[in-house]
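S.K.: with the input below, show me the fold.
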Amino acid sequence: MSGQRVTLDLLEGRVEYLNSITNKYIPSEKYEIEGAYGGWRLCITDDKNCIVKYITGRYPKKELYNLLNAYIEGMWDSERFTG
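M.R.: This next block holds a predicted model:
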């Protein structure tokens, strides 16, 4: 994705995909992105929309998009999804 602009819709699409592949393992938690201070970060929320854990720090959209892709690739490489 090197010359393309990363939009909020692209980020939300990756998070939606991430939730679709992890929902069967932990259905009471879901991934969300949170934006503030010009940056975005990935977090996990519970069924009451309370943040349980921050996965990343704050990054510009493009950097977070790349981190999300790496995070998803890491999940597919893990034994949890392939074992």
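S.K.: who are the packing partners of whichever strand or helix holds Leu18?
M.R.: Following DSSP states H and E, one finds Leu18 within helix 8-22. Applying 3 or more CB pairs under 8 Å, 6 or more residues apart in numbering; DSSP states H and E, we find helix 8-22 packed against strand 30-36, helix 61-77. Placement of C-beta: from N, CA and C, glycine included.
S.K.: rebuild those as CSV, extending it with mean pLDDT, mean neighbour count and distance to Ser20.
M.R.: Formatted as CSV, the helices and strands packed on helix 8-22 follow (pLDDT from 0 to 100; neighbours: other CB atoms under 10 Å; distance: least, CB to CB, whole Å):
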stretch, mean pLDDT, mean neighbour count, distance to Ser20
strand 30-36, 95, 15, 10
helix 61-77, 92, 15, 11
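S.K.: which one of the ones you listed lies nearest to Arg5?
M.R.: Nearest to Arg5, of all the helices and strands packed on helix 8-22, is helix 61-77, at 7.9 Å by CB to CB.
S.K.: centroid-nearest residue for this protein?
M.R.: The centre of the chain sits closest to Val15, judged by CA atoms, centre = their mean, with a distance of 4.4 Å.
S.K.: reformat the helices and strands packed on helix 8-22 as JSON lines; add distance to Arg5.
M.R.: Converted to JSON lines, the helices and strands packed on helix 8-22 look like this (distance: least, CB to CB, whole Å):
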{"stretch": "strand 30-36", "distance to Arg5": "16"}
{"stretch": "helix 61-77", "distance to Arg5": "8"}
